[in-house]
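**Q** Return atomic coordinates for the entry below.
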Amino acid sequence: MDRRTDLTRKRIFCIGTAKSGTHSIHSIFAGVARSAHEPENTELIRQIIDHHNRLVSDSELREFVKKRCIRLNLDVDSSQLNFFILTFLLEEFVEAFFILTIRDCYTWLDSFINFSLTYPSAEKWALLRDIRFGKRVDHFPPEEKVLNANGLYSLEGYLKYWTYHNEQAISKIPQNKLLIIRTDRISNSIEELARFTGYRLKDISSDQKHAFKNPQKFNILKKIDPDYLEEKIKKYCSNLMEQYFPEIKSMKDVL
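**A** Predicted coordinates for the structure are as follows:
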């Protein structure tokens, strides 16, 4: 798809977490813009992991990000991986705008676990999960034995990352360059997306709003003591949940 030639075109990065609607954002713009979801993720993940392990310097990763974005020449780059290079995107593409898709921590955690148990992860993705959630520990709390038995991470690891990813994005990106959309409201945000990005409403798609749904549900969270789960949610996620999902008071409200 050729780039738009009018003056309203913007460079857009979607930086939501995995399972927050980044695939749907790509699909909405795919018919009118040069849009991609997690493009060339193998090399980008390798760079992210090497940077985390101090095998790649800040300047080297910045140069990689700059050259990659220029070469891909995308209007809309929608990817959870953009979070890990956010600092460099902000520095190198000061004209860019950002979309943060944010999903409530209950359905996000449920969806991520379902995805993890449905699709075996390649080594590079497994290493990235260790960075996000912390390496799996040998001794899980007894309340989390179902997570341990299924080869998953701790509640602390998942929930601290959910908060960190979203809070960092919100705090780092200038407010006038950031659009925050709740995952459950993507389907009702087409007009807002059109205004923010400069695309005509009639040109962007309203048909691909829930792309890449999980085909299986394992109900792992329902096998954890609800009081224990709510205690962890309150400890790690309460501020963002109260601000963006005030109507959700417990897992009973969403699952």
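**Q** quick check, residue 120 in a strand?
**A** No: secondary structure of residue 120 (DSSP: H, G, I helix; E, B strand; the rest coil): coil, not part of a strand.
**Q** Give me the three-state assignment for residue 31.
**A** coil.
**Q** Please shift the residue numbers so they start at 6 in all later answers.
**A** Okay, residue one is now 6; in that scheme the one you just asked about reads as residue 36.
**Q** Please tell me I have it right and it contacts residue 208.
**A** Yes: between residue 36 and residue 208 there is a contact at 7.3 Å, judged by Cβ atoms under 8 Å. C-beta: built from backbone N, CA, C; applies to glycine.
**Q** And stretch 105-114, end to end?
**A** Counting by Cα to Cα, to the nearest Å, you get 17 Å between the two ends of stretch 105-114.
**Q** residues making contact with it?
**A** 19-22, 24-27, 29-30, 116, 163-164, 167-168, 171, 174-175, 178, 183-189, 191, 226, 238, 242, 245-246, 249-250, 253, 256, 258-260 (Cβ atoms under 8 Å, 6 or more residues apart in numbering).
**Q** and residue 159, what does it touch?
**A** Per Cβ under 8 Å, 6+ apart, neighbours of residue 159: 138, 139, 141, 142, 145, 146, 149, 152.
**Q** In the residues you listed, which has the lowest confidence score?
**A** When these are compared by pLDDT, residue 142 scores lowest at 75.
**Q** What is the neighbour count of that residue?
**A** Around residue 142 there are 13 other residues, counting by other Cβ atoms under 10 Å.
**Q** List only those of the contacts of residue 159 flagged as buried.
**A** The neighbour-count criterion (16 or more other Cβ atoms under 10 Å) marks 138, 145, 149, 152 among the contacts of residue 159 as buried.
**Q** So which of these sit within strands?
**A** When DSSP state E is applied, those are split such that none fall in strands.
**Q** Among the residues you listed, which lie within helices?
**A** 138, 152 (DSSP state H).
**Q** could I get the buried ones among the contacts of residue 159 as JSON lines with distance to residue 77?
**A** Listed next are the buried ones among the contacts of residue 159 as JSON lines, based on distance: Cβ to Cβ, whole Å:
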{"residue": "138", "distance to residue 77": "28"}
{"residue": "145", "distance to residue 77": "41"}
{"residue": "149", "distance to residue 77": "40"}
{"residue": "152", "distance to residue 77": "37"}
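**Q** now, among the buried ones among the contacts of residue 159, which is nearest to residue 75?
**A** residue 138 (32.1 Å; Cβ to Cβ).
**Q** Test my guess that the closest one contacts residue 167.
**A** No: checked against Cβ under 8 Å, the pair residue 138 and residue 167 is beyond contact range at 9.8 Å.
**Q** Please determine how far residue 91 is located from residue 200.
**A** Residue 91 is 23 Å from residue 200, where distance means Cβ to Cβ, to the nearest Å.
**Q** do residue 107 as well
**A** 19 Å.
**Q** again with residue 208
**A** Distance from residue 208 to residue 200, by Cβ to Cβ: 13 Å.
**Q** And for residue 254?
**A** 32 Å.
**Q** So for stretch 58-67, mean pLDDT?
**A** Averaged across stretch 58-67, the pLDDT comes to 98.
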